[in-house]
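Q: Provided below are the primary sequence and the corresponding predicted coordinates.
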Protein chains: 2
Amino acid sequence: MNDMTIGEAANRSGVSAKMIRHYETIGLIATPARQENNYRTYGAGDIHRLRFIRRARALGYPVATIRQLLTLWDDTNRSSADVKQLAQAHAAAMRRKIAELDAMARTVEYLAAACAGDHRLDCPILEDLIVNSQQSAAVARDDGDLAHPVSMVNMGSAA
Amino acid sequence: MNDMTIGEAANRSGVSAKMIRHYETIGLIATPARQENNYRTYGAGDIHRLRFIRRARALGYPVATIRQLLTLWDDTNRSSADVKQLAQAHAAAMRRKIAELDAMARTVEYLAAACAGDHRLDCPILEDLIVNSQQSAAVARDDGDLAHPVSMVNMGSAA
DNA sequence: ATCGACCTTCCCTCTATGGGAGGGTCAAGG
DNA sequence: CCTTGACCCTCCCATAGAGGGAAGGTCGAT
């Protein structure tokens, strides 16, 4: 049953070989058996688990939470309340981040709308950055609780 | 006029001393003059610039964009159209991220609502993770354009 | 024999921020 | 004069999640 190489496992699970190795080193998945040539071998069960992880990542679950979900998945004595709790906490965290982003987006959009966007150099956007530079951000602080060290949002790109 | 130490500059600008040094190494701010004891010295102009940066970060601008904004700020031949363009691109990027997060949050909320949350182990959330593990994410792919290598969302925390 | 497609490990990069070690500087107070 | 404490300095490390790429082993087919 343990017959797939990491490449096949990647294809079937949708998780890249690189990430499969990574999940192994951080202990999300078990250390796989090796062939004589030292190649990792995976079976149907591993693919299942990898797909579970991929789906959970696609739903935005951080790896730390996925670890808990996998534990619950394996636990035949689990109660659905635990799973639900994780889901609700995750949804709430996403809602918080959305509110934060939305507040920033609204401010930027407001400023952009107020900017003529012509050849002149007067610009309300730069004015704001200069003048309002004493206030804190819109919703830049994440409200304690389960908050992480990083409070400001990191946009992937913008220009 | 150049009389402040980095600590004072941090207090007055709201940017931590650590980050002031960091912005210096990545070239966001100029290399400051030093005292005889090798301490950095800052003046009113530096504080102004640091506040500008802080405000821009609070609005979610990535550092790369702030670099451009600072260039425009310094440029007395700038046209407001350039600044507006940066703002609109940034707002659009945030809106894209919000849509992505919202799609994920709605899915997770839907699943959580469908989960009894009691002592039993049946759970639609885990079912989804297992069953739907072949589909890609809700809106997990960011649509080309200005997209970065990272397509999935990284939540700061969730549980 | 050799080519190409795999696999292995190890290290580096990205974003933005902070922690902490190990050591220098300086003013106040004993 | 010396200590204490509050600064400052420069490095290195860590975070989260993914990927790039080098240097080398393995294997099947030509």
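A: Received, thanks.

Q: Now do residue A:36: how many residues are near it, please.
A: Other residues lying near residue A:36 total 5 when counted by other CB atoms under 10 Å in any protein chain shown. Every residue, glycine included, has its C-beta placed from N, CA and C.

Q: which of the residues in the helix ranked longest in chain A are buried?
A: Using DSSP state H, we find that the single longest helix of chain A is helix A:80-114. Residues A:80, A:82-94, A:96-98, A:100-105, A:107-109, A:111-112 are the ones in helix A:80-114 that count as buried (16 or more other CB atoms under 10 Å in any protein chain shown).

Q: Quick one: distance of it to the chain centre.
A: Centroid displacement of helix A:80-114 relative to its chain, using CA atoms, centre = their mean, to the nearest Å, is 13 Å.

Q: Tell me the backbone dihedrals of the residue nearest in space to the middle of chain A, please.
A: The centre of chain A sits closest to residue A:60, judged by CA atoms, centre = their mean, with a distance of 4.6 Å. Residue A:60 adopts backbone torsions of phi 90, psi 0, taken as degrees, to the nearest 10.

Q: Contacts only, for the nearest residue to residue A:116 once chain neighbours are set aside.
A: Using CB to CB, 6 or more residues apart in numbering or on different chains and skipping the chain neighbours, the partner closest in space to residue A:116 is residue B:80 (5.5 Å). If you count contacts by CB atoms under 8 Å, 6 or more residues apart in numbering or on different chains, residue B:80 has them with A:115, A:116, A:117, A:118, A:119, A:120, A:121, A:122, A:123, A:125.

Q: Which pair in the residues you listed has the greatest spatial separation?
A: A:119 and A:125 (15.5 Å; CB to CB).

Q: Which residue ranges of chain A form strands?
A: A:33-34, A:40-41 (DSSP state E).

Q: any chance of those strands in a markdown table, with mean neighbour count and mean pLDDT too?
A: Converted to a markdown table, the strands of chain A look like this (neighbours: other CB atoms under 10 Å in any protein chain shown; pLDDT from 0 to 100):
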| stretch | mean neighbour count | mean pLDDT |
| --- | --- | --- |
| strand A:33-34 | 10 | 96 |
| strand A:40-41 | 18 | 97 |
